[in-house]
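Undergrad: Give the three-dimensional model of this entry:
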Amino acid sequence: MKLIKSVLVLFLLIVVMWRCTSEQEPIPDDCVANGVTLVLDTKTDANCGLADGSISVNASGAGGSFTYTVNGQPADASGTFQNLAAGSYVIVATEAGGCTAELTVEVLNADGVNATADTSVSSCENPTGSITINATGGATPYEYKLDDGAFGNSASFNAIGAGDYEVTVRDASGCEVTLQVNVKSDVTFGEINTIIQTNCAVPGCHAGNQGPDLRVAGNITGSANRIQIRTGARTMPPPSSGRSLTDAEIEKIACWVADGAPGS
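TA: Okay, the predicted model is just below:
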């Protein structure tokens, strides 16, 4: 009888460990210790109405070659980007192992309107954020457009949700500048950490004996995308743990990742 009980206990332990192990995905731990650095080398501003600006950046670290995106689109692997109109450009360098770095560069109108944006955070559940544009130079009056909407006279956009937006400013001469604007949510890392510690960094899974160790803040931020995918699919925490996340908790994780997964 004792032998049977011992076998049953061993079997249950194997099942639990297998359930947790099956959810693991390695994270690039070296990204924390040997992260990618991305710096601006040179920048040439554009002439009004012309796409004749350029940006050159240099990526280093993590020991690999790099690929680049500019405003989410694949770009020249040399790190030099040409034929750019005035506006803001979000450049992401990605090393072969998956480590990344991000840099935002403003290409100005050398002879026309330029602009900056101020934002306020939005509730994760409801669109309460705002964008206010400050335009200078060129010929007044200015007009403003959010994403693919129509131009209007208001420099403010209200009741918008967290996320990425494109704002275009046009002056009286027709000169334009386009900004990439990110509206953050009101979700804090403290909230995310509480959700993870309570439900995911649990004995038998991600509490030290199985990787990643989600008791460590750097491992939470380093595996943010994986956490979002697995919590969204409701495979994390595993059903075997007896824990589950509410829809609101899953939405908070998604908002936090959309904000760039900031740490404490």
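Undergrad: Check the gap between the closest residue in space to Leu50 that isn't next to it in sequence and Ala110 for me.
TA: Closest residue in space to Leu50, ignoring its immediate chain neighbours: Ala85 at 7.2 Å, by CB to CB, 6 or more residues apart in numbering. Glycine gets a C-beta too; all of them are placed from N, C-alpha and C. Distance from Ala85 to Ala110, counting by CB to CB, to the nearest Å: 12 Å.
Undergrad: Do I have it right that the residue nearest to Leu50 meets Ser54?
TA: No: with contact defined as CB atoms under 8 Å, Ala85 does not reach Ser54; the gap is 11.1 Å.
Undergrad: tell me the helices in the stretch 51-200 of the chain, going along the chain?
TA: Residue ranges of the helices in the stretch 51-200 of the chain, as given by DSSP state H, counting those that start in this stretch, are 189-199.
Undergrad: partners of Lys145 in the sheet?
TA: Thr168 (DSSP bridges).
Undergrad: that older thread, mind listing the shared neighbours of Ala85 and Ala110?
TA: Any residue near both Ala85 and Ala110 by CB atoms under 8 Å, 6 or more residues apart in numbering counts here, and that gives Ala46.
Undergrad: And the strands in the protein, which stretches?
TA: For the chain, applying DSSP state E gives strands covering 37-44, 53-60, 66-70, 73-75, 80-84, 87-95, 100-107, 114-120, 129-136, 143-146, 156-160, 163-170, 176-183.
Undergrad: could the ones you listed go into JSON lines alongside mean pLDDT?
TA: JSON lines is the format used below for the strands of the chain (pLDDT from 0 to 100):
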{"stretch": "strand 37-44", "mean pLDDT": "95"}
{"stretch": "strand 53-60", "mean pLDDT": "95"}
{"stretch": "strand 66-70", "mean pLDDT": "94"}
{"stretch": "strand 73-75", "mean pLDDT": "94"}
{"stretch": "strand 80-84", "mean pLDDT": "96"}
{"stretch": "strand 87-95", "mean pLDDT": "92"}
{"stretch": "strand 100-107", "mean pLDDT": "92"}
{"stretch": "strand 114-120", "mean pLDDT": "96"}
{"stretch": "strand 129-136", "mean pLDDT": "97"}
{"stretch": "strand 143-146", "mean pLDDT": "98"}
{"stretch": "strand 156-160", "mean pLDDT": "96"}
{"stretch": "strand 163-170", "mean pLDDT": "95"}
{"stretch": "strand 176-183", "mean pLDDT": "94"}
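Undergrad: tell me, how many neighbours does the residue nearest to Leu50 end up with?
TA: 18 (other CB atoms under 10 Å).
Undergrad: ok, now which ones touch it?
TA: Neighbour list for Ala85: Ala46, Leu50, Ala51, Gly53, Val107, Glu176, Thr178 [criterion: CB under 8 Å, 6+ apart].
Undergrad: Now do the contacts for Gln228.
TA: Ile253, Ala254, Val257.
Undergrad: looking at these, which has the most residues close by?
TA: Going by other CB under 10 Å, Ile253 tops the contacts of Gln228 with 24 neighbours.
Undergrad: Wait, that residue touches Thr194, no?
TA: No: with contact defined as CB under 8 Å, Ile253 does not count as touching Thr194 (11.5 Å).
Undergrad: Over to the residue nearest to Leu50: give its phi and psi.
TA: Backbone dihedrals for Ala85, given as degrees, to the nearest 10, come out at phi -80, psi 170.
Undergrad: same question, Val187
TA: phi -80, psi 130.
Undergrad: That one: how many residues sit nearby?
TA: 22.
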